Structure formats: structure tokens, C-alpha cells
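Asks: Just need the structure, nothing else, for what follows:
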Amino acid sequence: MLGSIRWNLVLGLAGMLLTFFFSLGNNGFAVSCLRALYAFAAFFAAGYLLRGALQLIVASADAERGFGPTADPQEVGAHVDLKTPDDESELSEMLKAQRESGQSGNAAAAEFRPLEPKRVFSIEGKDPEELAQAVRHLAHEGDH
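Replies: Numbering: from 1, shown residues only. This next block holds a predicted model:
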């Protein structure tokens, strides 16, 4: 089976709590508890069915990919090569080229200019009374 019995317990408890709270509004406390107990048993059993179905799906998908007991023992598992290729020679060539051209990191930083976008809208030179009227109009529209 896929997973462990914890999945059945979680599914059973979730079904029990949902059934209890939905049943409590229309039934008494004792009847709600009894129905919640029945719901726990039903959801717990449904958990086994769900885990079995998932196991069949996963097993068929693994068989299609060639995993599982039919695969060669040499192909089972994965090997991760954590060694990176040696790029030290390329790095030293790049540093030599930069040194020969006379550029340094400080020169590139000195060329930096922050972005200065043009102003799309400016309120300079407008009549203060006209601006106050616009604000009053917008405030009046916001009230409705």
C-alpha cells in the first residue's frame, strides 16, 4: 500500500469532524456523535481503497517507465555528479582581457546613471482654486 495508516486516520478524523459539525445543527449531541463515529469508520475504510487505487496507478506508471522489479539492477537508483566542469582557464582569460583593456569594476560603476524619466503630469503653474475644485469634485464622487 502507498503511504501509511496515518493517512487513514487523518481522512477518518476529517470525515468524522465534518459529519459531526454538519449533523449537530439538525440532531442532538448523542446522535451527532454516533453519526460521527460511523463516518470515521467509513472514511477510514475509504482511505484503504484510495491508497490501494493510488498504489495501482503509481505501479502502472513505474512499469511504463521501466522502473520497478523488471528494471536492470544497474539502472536502479540515480547517480548525481556533483563535480562541476573546470572553468578556471576561461575565468583567467576573461580577467586578463579586462586587465589589458584597462577597465576595472570601479570604471564601470562610475558610468552608471540612475534613470530620470520625464514628467508626464505636472501641477506647477496651475491655479490653486482650480486644483481645490478638482479635489472637491473627486471627494464628492467618492461619497456616492
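Asks: What does residue 24 show for phi and psi?
Replies: Dihedral pair for residue 24: phi -60, psi -30, per degrees, to the nearest 10.
Asks: Look at the residue nearest to it when sequence neighbours are not counted and give its secondary structure.
Replies: The spatially closest residue to residue 24, leaving aside those adjacent along the chain, is residue 32, at 4.6 Å (Cβ to Cβ, 6 or more residues apart in numbering). All C-beta spots, glycine's among them, are computed from the backbone N, C-alpha and C. On the three-state scheme (DSSP: H, G, I helix; E, B strand; the rest coil), residue 32 is labelled helix.
Asks: Confidence-wise, which helix or strand of the protein is lowest on average?
Replies: helix 105-110 (a mean of 59; mean pLDDT, DSSP states H and E).
Asks: Beyond that helix, next helix or strand please.
Replies: Remark: after helix 105-110, the chain's next helix or strand is helix 128-143, criterion DSSP states H and E.
Asks: before we move on, the earlier item: who touches the residue nearest to residue 24 in this structure?
Replies: By Cβ atoms under 8 Å, 6 or more residues apart in numbering, the contact set of residue 32 is 20, 23-24.
Asks: Of the residues you listed, which is the nearest to residue 36?
Replies: Checking these against residue 36 by Cβ to Cβ gives residue 20 as the nearest, at 3.8 Å.
Asks: what about the residue lying closest to the closest one once chain neighbours are set aside, how many residues close to it?
Replies: Excluding its sequence neighbours, the residue lying closest to residue 20 (Cβ to Cβ, 6+ apart) is residue 36, at 3.8 Å. Counted by other Cβ atoms under 10 Å, the residues lying close to residue 36 total 20.
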